[in-house]
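Engineer: here's a sequence, model it:
(one chain, ligands or ions: 1)
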Amino acid sequence: MITAEGLSKRYGAKTAVNDISFTVRPGQVTGFLGPNGAGKSTTMRMIVGLDRPSAGSVSVNGKPYAAHAAPLREVGALLDAKAVHTGRSAENHLLAMAATHGIGAKRVKEVIELTGLQSVAKKRVGGFSLGMGQRLGIAAALLGDPATLILDEPVNGLDPEGVLWVRQLVRSLAAEGRTVFLSSHLMSEMAQTADHIIVLGRGQIIADAPVADIVAGASLASVTVRTPHASQLAELLSAPDVAVLRSENGLLQVTGVAAAQIGELAAAHSLVLHELTPQNASLEEAYMALTQDAVEYRTEATR
Ligand SMILES: Nc1ncnc2c1ncn2[C@@H]1O[C@H](COP(=O)(O)OP(=O)(O)OP(=O)(O)O)[C@@H](O)[C@H]1O
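Structural biologist: Residues are numbered from 1 along each chain as shown. Just a heads-up that it's a prediction; the model follows:
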């Protein structure tokens, strides 16, 4: 379990994370989404004590990360896959990490197998591809068999097979009752992997909801209606949060009302409908709409 309360981080005049509170629960995969620069990495760094909050606090399993006697056994983190001593072999890197926590060579062998690194375990990490580096980072995160895992962009650089492997791995880790928190800037990937999603924009939380709710919200996006009574129906639908776009041949594009409600309204007024089709916005579109302000702000800010 990860609990953040009023967490903020400022770098000089720049507020990277602005007063966020959230809980990441055990037994499920929680996705941490947001456009580039939203503050995801900064938040994750604060969780594992690599950055000090400017205000607020964050705890892992009830204590600040640094207050745990053996942090690697409590929290496994993949933060920067490239931050590895490049002269060492993958196996030696893991053995060195394990030694600091009294973790035996047997566990090192296990995580090498679990992450599919057997064939390159004796090779120097300096020659690794981005994907192999990611696998090594995940192996390191799993070393202490931790109850909580924090993975920053774990599928970055992986081929489709690798992406699928990460998805299955994190799902099985959550099924074992662990807390899994992973960041991404891809909604489509997260929708297939996570149970719950926290969306960050401009350092603030703009959504914190089960994936199913976000999907349901997205599918309300718009409805195509074809009716010989287009003007009458458009008038009946008119409301502050509803947009009705009229085009040729009695075709209406309605946003802000579910298809079922439109059908019921038409029936109540005995209006014939020739077509009633919900246009499911893709999840990616819903996410773009959600983060649009945050992205626009950032473009202006960097101008
Ligand atoms: N050490 C630092 N000094 C100054 N500004 C920083 C520092 N680290 C991050 N920032 C700024 O804080 C903001 C949040 O950055 P962060 O890396 O946390 O975002 P992110 O959501 O992880 O983005 P990305 O997907 O690009 O990694 C950005 O505007 C970034 O430029």
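Engineer: what about the residue in the stretch 51-200 of the chain positioned nearest to the ligand, how many neighbours?
Structural biologist: Of all residues in the stretch 51-200 of the chain, H185 sits closest to the ligand, at 5.3 Å by CB to the nearest ligand atom. Any C-beta I mention is one placed from the backbone N, CA and C, and that applies to glycine too. Neighbour count of H185, defined by other CB atoms under 10 Å: 18.
Engineer: can you check A286 too?
Structural biologist: Neighbours around A286, by other CB under 10 Å: 22.
Engineer: host element of it?
Structural biologist: Secondary structure assignment for A286, by DSSP states H and E: helix 283-302.
Engineer: returning to what we had before: pretty sure the residue of the stretch 51-200 of the chain closest to the ligand is touching L33, no?
Structural biologist: Yes: counting by CB atoms under 8 Å, L33 is a contact partner of H185 at 6.8 Å.
Engineer: quick one: pLDDT of the residue of the stretch 51-200 of the chain closest to the ligand?
Structural biologist: Looking at H185, its pLDDT is 82.
Engineer: so what's it up against?
Structural biologist: H185 makes contact with 33-36, 153, according to CB atoms under 8 Å, 6 or more residues apart in numbering.
Engineer: phi, psi of it?
Structural biologist: With angles defined as degrees, to the nearest 10, H185 sits at phi -110, psi 10.
Engineer: how close does it get to D152?
Structural biologist: Distance from H185 to D152, counting by CB to CB, to the nearest Å: 11 Å.
Engineer: same check on S54?
Structural biologist: From S54 across to D152, the span is 20 Å (CB to CB).
Engineer: between the two, who's got more neighbours?
Structural biologist: Shown here are S54 and D152; by other CB under 10 Å, D152 has more neighbours (21 against 16).
Engineer: name the residues linked to that one by a beta bridge.
Structural biologist: Counting by DSSP bridges, D152 forms beta bridges with S183.
Engineer: could you pull out the strands for the stretch 51-200 of the chain?
Structural biologist: Remark: strands assigned in the stretch 51-200 of the chain by DSSP state E, counting those that start in this stretch are 55-60, 75-78, 148-152, 179-184, 196-201.
Engineer: in a markdown table: the ones you listed, plus distance to E285.
Structural biologist: As requested, the strands of the stretch 51-200 of the chain are exported to a markdown table (distance: least, CB to CB, whole Å):
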| stretch | distance to E285 |
| --- | --- |
| strand 55-60 | 32 |
| strand 75-78 | 29 |
| strand 148-152 | 25 |
| strand 179-184 | 17 |
| strand 196-201 | 14 |
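Engineer: where are the low-confidence patches of the stretch 201-303 of the chain?
Structural biologist: Applying pLDDT under 70 to the stretch 201-303 of the chain picks out residues 216-221, 280-282, 293-303.
Engineer: who does Q279 form a beta bridge with?
Structural biologist: S222.
Engineer: and for it, the neighbour number?
Structural biologist: When neighbours are counted by other CB under 10 Å, Q279 registers 13.
Engineer: that one against L252, yeah?
Structural biologist: No: with contact defined as CB under 8 Å, Q279 does not count as touching L252 (11.8 Å).
Engineer: give me the common contacts of these two.
Structural biologist: By CB under 8 Å, 6+ apart, the residues touching both Q279 and L252 are T224.
Engineer: whatever residue of the stretch 201-303 of the chain ends up closest to the ligand: neighbour count?
Structural biologist: When scored by CB to the nearest ligand atom, the stretch 201-303 of the chain has G203 as its residue closest to the ligand, at 6.8 Å. The number of residues packed near G203 is 24, by other CB under 10 Å.
Engineer: same check, this time on S247
Structural biologist: Here the number of neighbours of S247 (other CB under 10 Å) works out to 10.
Engineer: quick one: it from V254, how far?
Structural biologist: For S247 relative to V254 (CB to CB), the value is 12 Å.
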